[in-house]
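Undergrad: the sequence and its predicted three-dimensional model are supplied below.
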Amino acid sequence: MAAFLKSHLSFQSCEEEKNEAINETAVERSSTVSYPSWYSPVAGIYHSKFPTINLPSDSFLDVVSFIFSQKHNGIHALIDSSSGLSISYSKLFSLVKSMASGLHRMGVKQGDVILILLPNSVCFPVIFLAALSVGAIATTMNPLSSMSEIKKQFSDSNASLAFSVLDKVDELVRALKGCHVVGVPEVLDFNYVSNDCSVFHKLISSDPNMAPRPVIMQHDIAAILYSSGTTGKPKGVMITHGNFIAMMEVFVRFEASLYDFPSNENVYLAVVPMFHVYGLSLFVMGLLSLGSTVVTMKKFDADEMVRAIEQYGVTHLHASLKQVSCGAAPLSEKSIIEFIKTLPHVDFIQGYGMTESTAVGTRGYNSNTVHKYSSVGLLSPNVEAKVVDWVTGSHLPPGSTGELWLRTPGNMRGYLNNLDATMAALDKDGWLHTGDIVYFDKEGYLYVIDRLKEVIKFKGFQVAPADLEAVLISHPEVHDAAIIGERDEEAGEIPVAFVVRKDGSSVSQQALMNYVAKQVAPYKKVRRVYFCASIPRSAAGKILRRELRNLFASRL
């Protein structure tokens with residue numbers, strides 16, 4: 001033992017000397033190399049090139065009050081793309097208060113968790129904002145999730161009330177013991193809600209003057225959104241009222257200030273799901289604070305999209321189309337080039353953010369002289385970053401590739417009931433370790449080129465390999481399994497499985513894909529199966545995905 005400690009301490013000392021030498025070299029280099037003003041070579045910190053925004057300092061401020069305290073000349077707040085049903089800004093706050101009053105009368109109290117299991121609709125923002133206004137915590141989820149996935153999130157978040165599409169209510173009531181499930185109609189005429197006797201209509205028809213006014217602070221939890229983070233299974237990301245307020249100020253409202261066209265004249269087509277942090281930030285909160293119009297689509301359909309753009313004068317997604325933005329998953333160079341050639345007069349931008357940063361990070365920004373289509377843009381106001389060598393831990397200057405660390409006012413409070421994961425993602429100085437491999441160019445634009453984390457991004461949705469591996473291994477004829485992501489032109493990445501069959505098994509690839517498909521949401525389905533003799537693992541049992549990727553490449 002003494003020999004081991006001596007050896008260990010000697011190794012530790014060598015590592016410390018090595019790191020000190022690296023840092024000394026960086027300091028020496030910084031004294032001879034000229035760096036831009038937005039990068040500090042000694043601290044290794046990248047600063048936003050945009051002016052700092054003064055965020056609300058009032059501790060006793062909730063996100064709903066913030067949204068409805070903003071002054072604008074907006075007319076139509078929400079429009080359903082298929083029915084044309086609309087909610088005006090003059091009625092929106094009253095509807096939110098009516099729903100809040102109904103929730104209060106139902107017994108929902110501050111700190112309760114409400115599960116919102118809905119597609120995009122004009123009702124989604126009303127329910128979400130009403131829940132937050134009574135001090136409840138919202139947890140959102142893809143309505144296409146399997147029942148086992150729903151039960152996991154329901155149990156982990158300790159939800160007591162759920163909102164769902166009507167045709168799923170009975171199944172949810174049976175599965176979620178002790179949970180009250182409210183069905184939300186697909187088409188709703190707010191002029192006649194009082195004539196309907198359903199639970200939802202009773203809630204939204206309640207007296208708005210009876211809505212409670214609890215004391216809510218910026219640091220209180222507003223939502224629990226589930227993310228796979230850098231590794232592993234989905235974890236509950238705790239986002240505060242202050243996080244959402246900061247997100248609106250430095251992301252949505254700041255971006256709107258960069259352009260000449262008035263926000264209240266903008267019409268956005270909400271094809272990004274509202275249960276996703278990006279859709280939630282933009283369509284459920286941020287744009288409503290600006291007076292813009294949000295046209296909701298239940299699900300993406302190309303023909304419906306074209307019709308909605310023409311019918312409602314959509315300006316953001318030829319004459320009316322001004323801007324298209326992309327986030328959640330990187331686009332291929334080929335896709336970008338094809339888009340720009342097809343629509344050369346449309347401003348195309350990409351952005352970067354995480355659930356853990358409340359979608360705050362970077363935002364694409366093109367000027368008359370600079371067009372960085374493949375970049376995810378410049379750091380948003382009030383955002384700091386580091387590019388860190390993931391082996392040595394040293395910080396790296398512009399042009400160097402390393403892991404991205406972010407310090408933003410949107411950084412989560414932490415993961416729900418998971419201190420270890422929180423400490424791994426958020427360090428003591430407030431840096432969020434993203435797991436993404438990036439570099440900054442000489443003008444401060446960020447480029448995402450790879451990632452350390454294992455999560456697969458299918459059309460922007462996060463797929464945790466561990467979840468699919470658990471399903472595959474539960475098959476009676478599967479001995480072992482591993483999942484990796486394969487690049488795909490349309491989806492970004494698709495889940496691919498490597499499977500070791502049990503002796504004597506002849507189970508087919510299609511049978512295994514069907515088996516998984518029955519237990520997971522559609523976007524999580526395994527798209528391809530390869531049989532192999534064994535799964536490469538480390539001594540500790542960790543799947544060596546890099547070796548699997550090499551094996552996959554050799555099969556092409």
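TA: Happy to help now that I have it.
Undergrad: next up, phi/psi of the closest residue to residue 389 other than its chain neighbours, please.
TA: Leaving out its chain neighbours, the residue that sits closest to residue 389 by Cβ to Cβ, 6 or more residues apart in numbering is residue 402, at 5.1 Å. Every residue, glycine included, has its C-beta placed from N, CA and C. In terms of degrees, to the nearest 10, the main-chain angles of residue 402 are phi -170, psi -170.
Undergrad: residue 402 touches residue 387, doesn't it?
TA: Yes - between residue 402 and residue 387 there is a contact under Cβ atoms under 8 Å: 4.2 Å.
Undergrad: shared neighbours of those two, which are they?
TA: By the contact definition Cβ atoms under 8 Å, 6 or more residues apart in numbering, residue 402 and residue 387 are jointly contacted by 395-396, 438-439.
Undergrad: which member of the residues you listed is positioned nearest residue 347?
TA: Nearest to residue 347, judged by Cβ to Cβ, of these is residue 438 at 23.0 Å.
Undergrad: ok, that closest one - contacts?
TA: 387, 401-404, 446-449.
Undergrad: find the nearest non-adjacent residue to it, please.
TA: That would be residue 404: by Cβ to Cβ, 6+ apart, it lies 4.5 Å from residue 438.
Undergrad: mind checking how far residue 210 is from residue 77?
TA: Taking Cβ to Cβ, to the nearest Å as the measure, residue 210 falls 23 Å from residue 77.
Undergrad: ok, residues contacting stretch 302-313?
TA: Contacts of stretch 302-313 (Cβ under 8 Å, 6+ apart): 79, 81-82, 267, 269, 271, 293, 295, 297, 314, 317, 320-321.
Undergrad: so residue 173: helix, strand or coil?
TA: helix (DSSP: H, G, I helix; E, B strand; the rest coil).
Undergrad: that one contacts residue 164, correct?
TA: No - the criterion here is Cβ under 8 Å, and residue 173 misses it with residue 164 at 9.5 Å.
Undergrad: so what sits against both of the two?
TA: Joint contacts of residue 173 and residue 164 (Cβ under 8 Å, 6+ apart) are residue 181.
Undergrad: what about these two, which has more around it?
TA: residue 164 (23 against 15; other Cβ atoms under 10 Å).
Undergrad: isn't the more buried one right next to residue 181, touching?
TA: Yes - assessed by Cβ under 8 Å, residue 164 is found in contact with residue 181 at 5.7 Å.
Undergrad: what do these two both touch?
TA: Overlap of the contact sets of residue 164 and residue 181 (by Cβ under 8 Å, 6+ apart) consists of residue 172.
Undergrad: in this protein, where is pLDDT below threshold?
TA: Applying pLDDT under 70 to the chain flags the ranges 1-32, 188-197, 229-232, 318-323, 327-334, 539-540, 555-556.
Undergrad: quickly list what residue 497 is bridged to.
TA: Under DSSP bridges, the beta-bridge partners of residue 497 are residue 483, residue 529.
Undergrad: can you pull out the helices in the stretch 401-550 of the chain?
TA: Here the stretch 401-550 of the chain has its helices, by DSSP state H, counting those that start in this stretch, at 419-425, 465-473, 509-517, 545-555.
Undergrad: buried deepest among those helices, which one?
TA: Mean neighbour count (mean count of other Cβ atoms under 10 Å) peaks for helix 465-473 among the helices of the stretch 401-550 of the chain, with a mean of 20.
Undergrad: how far off centre is that helix?
TA: From the chain centre to the centre of helix 465-473 is a distance of 22 Å (Cα atoms, centre = their mean, to the nearest Å).
Undergrad: and the residue lying closest to residue 117 once chain neighbours are set aside, what are its bridge partners?
TA: Spatially, and ignoring its direct neighbours in sequence, residue 117 is nearest to residue 164 (4.6 Å; Cβ to Cβ, 6+ apart). Beta-bridge pairing of residue 164 under DSSP bridges involves residue 117, residue 183.
Undergrad: so what's residue 164 up against?
TA: 117-118, 143, 172, 181-184.
Undergrad: widest-spaced pair of these?
TA: Spanning the widest gap among these are 143 and 182, at 13.7 Å by Cβ to Cβ.
Undergrad: which among the contacts of stretch 302-313 gets closest to residue 512?
TA: Of all these, residue 512 sits closest to residue 271, with 31.9 Å by Cβ to Cβ.
Undergrad: give me the number of residues near residue 361?
TA: Residue 361, neighbours per other Cβ under 10 Å, totals 27.
Undergrad: now do the contacts for it.
TA: Contact partners of residue 361, counting by Cβ under 8 Å, 6+ apart, are 351-354, 376, 379-380, 383, 406, 408.
Undergrad: again, only using 10 Å
TA: By Cβ atoms under 10 Å, 6 or more residues apart in numbering, the contact set of residue 361 is 250-251, 327, 351-354, 376-377, 379-380, 383, 385, 404, 406, 408, 410, 432, 434, 436, 446.
Undergrad: ok, now residue 491?
TA: 329, 456-461, 485, 523, 527 are the contacts of residue 491 under Cβ under 10 Å, 6+ apart.
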